[in-house]
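J.: Turn this into a structure:
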Amino acid sequence: MTGEVQRWLEENALLLDGLRPEASGPGHKDLEPLRGVLRDVRVLGMGEATHGTAEFFRLKHLLLRFLVEEMGFTALAMEASVSAAQAVDDYVLHGTGDAADVVAGLGFWTWRTREMLDVVEWMRAHNRTVPQDRAVRFVGIDPQRCGPSLVALAAVLATSAPERADITGGPLGTLAEAGAGTLVARRPRLLAEARELERFLGEERPRLASHLGDAAADRALGHARLIVAAADVASRPPRGDGGETGALAARDRHMAEEVISLEEGSAGKVAVWAHNGHVCTGRYARDIPAMGQHLRDHYGERYYALGLLFGEGAFRARPGNSATRPPRRHAIGAAGPRSVEGRLASATPRDHLIDLRGGRTRPAVARWLESPQFMRSFGAGVPRVTYRFSMAPTVLMREYDGLAYVARSTPSVPLD
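T.: As a prediction, this is how the structure comes out:
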């Protein structure tokens, strides 16, 4: 990295004076420079290098407050179950239910944290103070784990078509907790039953509307369409088979479609909360088109991908990439001077943000942004021991519009 690049990183770092959402005052002085950067952005993708870093939750909480209070954003789209997130949306909009209960029901251990509860409680407090058209929504975008949709449809069918009501106990019931690529052998039957259910409810919509009302009939049809998406993602091979798109790629495509639908139906703009691999505008895990790639294709420069990185410390993740073992603390040192994290730390050791779009017109900076780099990327689970040395390739200009750097990571705090 040349001296010119080092100087540009130093001069353009937006310093963050403590990640304390509860102490964020009116105006959000630290984040004010983002007003110009994000002025024309419709969708902001807020990434994270780990799902278990408390500081990433707090930084996104700060960003969300600024986006909602200062920039006209009215929705938070989460990498969480579409079905389960509806209970959180009901809570932040209307105060229905209990905040801790709805957060705990989101379908992924990654979000069952004190930090996420703080976000949800702030959203509810904000919505109490603004007109309905400025209320901020909490919306899931992941088709996985559609159990609440199955339960909701079973209740509708129990009164309108009792002979079809047992969907939670039949083949479709296996989708309740199913992840991407976990039901490959059942694909033909799962897809056939899910599509037949959607067809039936579409034909029955006028009758359902006459009994339940238009809104309830539309919700039922929406649940059915989600179950089709869940069946599609759960029953594909993870990385594809021949010319068939894999479950991981299909999941990101579905998530992008949910974001686009949300933005087009929103009064304002949309903030997306997901892993760096999903918000980036390229590919992840070598060859999987990311959600952010679809969003860039749709929105162009009106989509902004912000990657979140950290220097050293600890984070929570499942050990050994196990789907069943509980998450635990994983300690890790600095990534090394040649990593993206190392470059950012050498220029500005403190927590900071940097807009990479601003470097495009500086030849030396543009060359650095266009050159192959390596940075950390951990999912919900990490391999034993070797996670400390794991790095993911990236070309920053192709994948991110901005980066946030947190000097020290500490583990997120579980609700339970």
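J.: do you know how far residue 95 is from residue 88?
T.: In this view, residue 95 and residue 88 are 12 Å apart by Cβ to Cβ, to the nearest Å. For the C-beta atoms, the positions are set from N, CA and C on the backbone; glycine is no exception.
J.: Also residue 385?
T.: 36 Å.
J.: Give me the more crowded residue out of the two.
T.: More neighbours surround residue 88 than the other of residue 385 and residue 88, with 30 against 8 (other Cβ atoms under 10 Å).
J.: Which helix or strand contains that one?
T.: Per DSSP states H and E, residue 88 falls inside helix 82-94.
J.: same thing with residue 76?
T.: Element membership for residue 76 (DSSP H and E) is strand 73-81.
J.: Could you list the paired strands of that strand along with their orientation?
T.: When pairing is defined by DSSP bridges, strand 73-81 lines up against strand 137-142 (parallel), strand 269-273 (parallel).
J.: I'd like the ones you listed as JSON lines, with distance to residue 405 appended.
T.: Formatted as JSON lines, the strands paired with strand 73-81 follow (distance: least, Cβ to Cβ, whole Å):
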{"stretch": "strand 137-142", "distance to residue 405": "26"}
{"stretch": "strand 269-273", "distance to residue 405": "18"}
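J.: now these as CSV including mean neighbour count, mean pLDDT and distance to residue 171?
T.: Putting the strands paired with strand 73-81 into CSV (neighbours: other Cβ atoms under 10 Å; pLDDT from 0 to 100; distance: least, Cβ to Cβ, whole Å) gives the following:
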stretch, mean neighbour count, mean pLDDT, distance to residue 171
strand 137-142, 26, 97, 21
strand 269-273, 25, 98, 32
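J.: Can you say which of these is nearest to residue 195?
T.: strand 137-142 (20.3 Å; Cβ to Cβ).
J.: And the contacts of the closest one?
T.: Strand 137-142 is touched from outside by 74-86, 88-89, 91-93, 106-107, 120, 123, 251, 254-255, 258-259, 262, 266, 272, 274, with contacts defined as Cβ atoms under 8 Å, 6 or more residues apart in numbering.
J.: Give the next helix or strand downstream of it.
T.: Using DSSP H and E, the next helix or strand after strand 137-142 towards the C-terminus is helix 147-160.
J.: Buried residues of that following helix, list them for me.
T.: By 16 or more other Cβ atoms under 10 Å, the buried positions in helix 147-160 come out as 147, 148, 149, 150, 152, 153, 154, 156, 157, 160.
J.: Beyond the lengthiest helix in the chain, next helix or strand please.
T.: Taking DSSP state H as the assignment, the helix of the chain that covers the most residues is helix 187-212. Scanning forward in sequence from helix 187-212 by DSSP H and E, the next helix or strand is helix 214-234.
J.: Give me the angle between that next one and helix 82-94.
T.: Per axes from the mean of the first three to the mean of the last three Cα atoms, to 10 degrees, the angle that helix 214-234 makes with helix 82-94 is 140 degrees.
J.: how about the following helix or strand past helix 214-234 as PDB, C-alpha atoms only?
T.: Next along the chain after helix 214-234, taking DSSP H and E as the criterion, comes helix 247-264. The C-alpha coordinates for helix 247-264 follow below in PDB (Å, rounded to 0.1, in the frame of the first residue of the first chain):
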ATOM      1  CA  ALA A 247     -29.800 -23.400  -2.500                       C
ATOM      2  CA  LEU A 248     -27.400 -20.800  -1.200                       C
ATOM      3  CA  ALA A 249     -27.600 -18.800  -4.500                       C
ATOM      4  CA  ALA A 250     -31.400 -19.200  -4.500                       C
ATOM      5  CA  ARG A 251     -31.600 -17.900  -0.900                       C
ATOM      6  CA  ASP A 252     -29.700 -14.700  -1.700                       C
ATOM      7  CA  ARG A 253     -31.900 -14.200  -4.800                       C
ATOM      8  CA  HIS A 254     -35.100 -14.600  -2.600                       C
ATOM      9  CA  MET A 255     -33.700 -12.200   0.000                       C
ATOM     10  CA  ALA A 256     -32.900  -9.600  -2.700                       C
ATOM     11  CA  GLU A 257     -36.500  -9.900  -4.000                       C
ATOM     12  CA  GLU A 258     -37.900  -9.400  -0.500                       C
ATOM     13  CA  VAL A 259     -35.800  -6.200  -0.100                       C
ATOM     14  CA  ILE A 260     -36.900  -4.800  -3.500                       C
ATOM     15  CA  SER A 261     -40.600  -5.600  -2.700                       C
ATOM     16  CA  LEU A 262     -40.200  -3.900   0.700                       C
ATOM     17  CA  GLU A 263     -38.500  -0.800  -0.800                       C
ATOM     18  CA  GLU A 264     -41.100  -0.400  -3.500                       C
END
